[in-house]
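Visitor: I would like to see how this sequence folds:
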Amino acid sequence: MRRREFVGLLAGAAVALPVSALAQPAGRRIAALWPFKETDPDGQAVFDAFRSGLKELGWGGARIESRWGGGNVETTKAYAAELVRLSPDVIFAHLNAQLGPLSRETRTIPIVFVGASDPVGAGYVASLSHPGGNITGFTLFEPTLAGKWLGLLKEVTPNLTRVALLINPDTAILRGTFYSTAFETAAAGLGIEPVFAKVFNVQDIDAAIAALGKQPGSALIVAPDTFSEVNGDLIVALANQHRVPAVYAISRYAKRGGLISYGPNQYAAVKRATTYVDRILRGERPGDLPVQAPVKFDLVVNLKTAKALGLTIAQSFLLRADEVVE
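Guide: Just a heads-up that it's a prediction; the model follows:
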């Protein structure tokens, strides 16, 4: 084969390679900070969604340095500092309690988040359309969801008179005030007494739900944050034990025995976030990537729990559900 033909053959082979194969310098490293314990099967499922998204985009060979905070504030801070010291190419933060400490540790390493509900108000980004710094990502929840959760509870428990919003000010967005106005406004419109149940530990959760169980016509909204995720199974068990109808923001709790869940699909959101990780690894700046809202929401109803609580769920309600657990 003559030299000119050989060089032409090489050029053609290079063009035939997928873009992902050409864009990956060796040793690219991605860091991720998670709110779960490493042994949590749901945490591993979310991680799998993240890993599979990266693989589909051509980053299956990238090294992922994961740290698992397990809902502990101090542990999460320590892991945030540790990940930044590793100097990864990009960091992924799942939920606000993870993004906060990471944002304080670095203003240069790109960070992609899922779950910071008010990134502008929290000072993470300059604006949703033009973040402007080293942080961008995907929101999960907005204040108006409080009205949606309240409305769902009212549909399944017509005699509802009192609803508590369960929050931990130490881990919740804006110290638990994020949903306040929407919650109070929706409650006033439905003639329901709004209650803010502030909980900081397992004992507080037990006391708050037990108190609701002693007052007929009461129900519970479990606001999403790291604390409620880590203690989700306990909250479900206590709500059912004290016969308190509850709505959750995370679908897995309805699947595990909670009455209702309504909220964005976290697996879909995490997978969408890998597209930003991909774009940053290919040279785009996080400050140029607009913060995006969720596109997929799921309503899950646990019919078995409804029957145990003596509730009759209308067929029209069940038809709206994305999943019915029987």
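Visitor: can you map out the strands along the stretch 151-300 of the chain?
Guide: Listed in chain order, the strands of the stretch 151-300 of the chain (DSSP state E, counting those that start in this stretch) span residues 162-167, 193-198, 218-222, 246-248, 260-264, 297-302.
Visitor: these two touch, right, residue 162 and residue 190?
Guide: No - the criterion here is CB atoms under 8 Å, and residue 162 misses it with residue 190 at 11.2 Å. Where you see a C-beta, it was placed from the backbone N, CA and C, and this is true even at glycine.
Visitor: please, where are all the helices along the stretch 151-300 of the chain?
Guide: Applying DSSP state H, counting those that start in this stretch to the stretch 151-300 of the chain gives helices spanning 180-190, 202-213, 226-230, 232-241, 251-255, 266-281.
Visitor: quick one: the longest one to strand 297-302, angle?
Guide: Here the directions of helix 266-281 and strand 297-302 differ by 150 degrees (axes from the mean of the first three to the mean of the last three CA atoms, to 10 degrees).
Visitor: neighbouring contacts of helix 266-281?
Guide: Contact with helix 266-281 is made by 23-24, 28, 30, 45-46, 49-50, 52-54, 56-59, 62, 89-90, 92, 94, 110, 112-115, 136-138, 140, 250, 286, 289, 292, 294-296, as judged by CB atoms under 8 Å, 6 or more residues apart in numbering.
Visitor: please indicate which of the residues you listed are buried?
Guide: Buried members of the contacts of helix 266-281, counted by 16 or more other CB atoms under 10 Å: 24, 30, 46, 49-50, 53-54, 57-59, 62, 89-90, 92, 94, 110, 112-115, 136-138, 140, 250, 286, 289, 292, 294.
Visitor: out of those, which are inside helices?
Guide: 46, 49, 50, 53, 54 (DSSP state H).
Visitor: closest to residue 312 among the residues you listed?
Guide: residue 46 (33.9 Å; CB to CB).
Visitor: chain neighbours aside, what residue packs nearest to the closest one?
Guide: residue 270 (5.6 Å; CB to CB, 6 or more residues apart in numbering).
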